[in-house]
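>>> here is a sequence with its predicted model. Questions after.
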Amino acid sequence: MRCVIARFPFDLTKEGVLDAMKGVKPEPVTGDSVIVGRRQYPIKQVGAVVTRQDRRDFSAGEVTRAMTLLGFTCRTPAEENAAPRGHTPLETASALLGTPVPR
């Protein structure tokens with residue numbers, strides 16, 4: 001797949017990314033991440049290894065878009081830390097008063 005990262009065109013394949021990341025130890029994940037094989041890598045680390053560019057030259061969004069199009073699972077911190085949705089104070093009060101919970 002042809003994609004543009006930091007104004008440079010790259011021909012990336014899923015197998016090419018897997019080969020490039022083989023033997024690379026994942027850094028601690030603090031932001032956006034991508035699952036390559038059975039490991040979770042920071043998205044910027046994958047972008048730096050695959051493109052051989054400095055991490056400051058591209059955005060996490062560019063790499064996330066490319067990895068998603070290649071079929072990799074990408075995650076953001078908001079998705080991982082999201083708590084299950086509870087009832088709002090209005091819904092809780094309505095339930096305590098015996099009225100149906102509004103949806």
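Thanks, I have it.
>>> give me the distance between residue 88 and residue 78.
Distance, residue 88 to residue 78, by C-beta to C-beta, to the nearest Å: 19 Å. Every residue, glycine included, has its C-beta placed from N, CA and C.
>>> burial of residue 44, as a residue count?
20 (other C-beta atoms under 10 Å).
>>> how about the contacts made by it?
31-32, 55, 60, 63 (C-beta atoms under 8 Å, 6 or more residues apart in numbering).
>>> these in helices, which ones?
Cross-referencing the contacts of residue 44 against helices under DSSP state H gives 60, 63.
>>> buried ones from the contacts of residue 44, can you make that a ChimeraX selection?
The buried residues among the contacts of residue 44 can be selected in ChimeraX (16 or more other C-beta atoms under 10 Å) with this line:
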select :32,60,63
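>>> kindly reformat the contacts of residue 44 as JSON lines containing pLDDT and distance to residue 71.
Formatted as JSON lines, these follow (pLDDT from 0 to 100; distance: C-beta to C-beta, whole Å):
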{"residue": "31", "pLDDT": "90", "distance to residue 71": "21"}
{"residue": "32", "pLDDT": "93", "distance to residue 71": "17"}
{"residue": "55", "pLDDT": "92", "distance to residue 71": "23"}
{"residue": "60", "pLDDT": "92", "distance to residue 71": "18"}
{"residue": "63", "pLDDT": "94", "distance to residue 71": "14"}
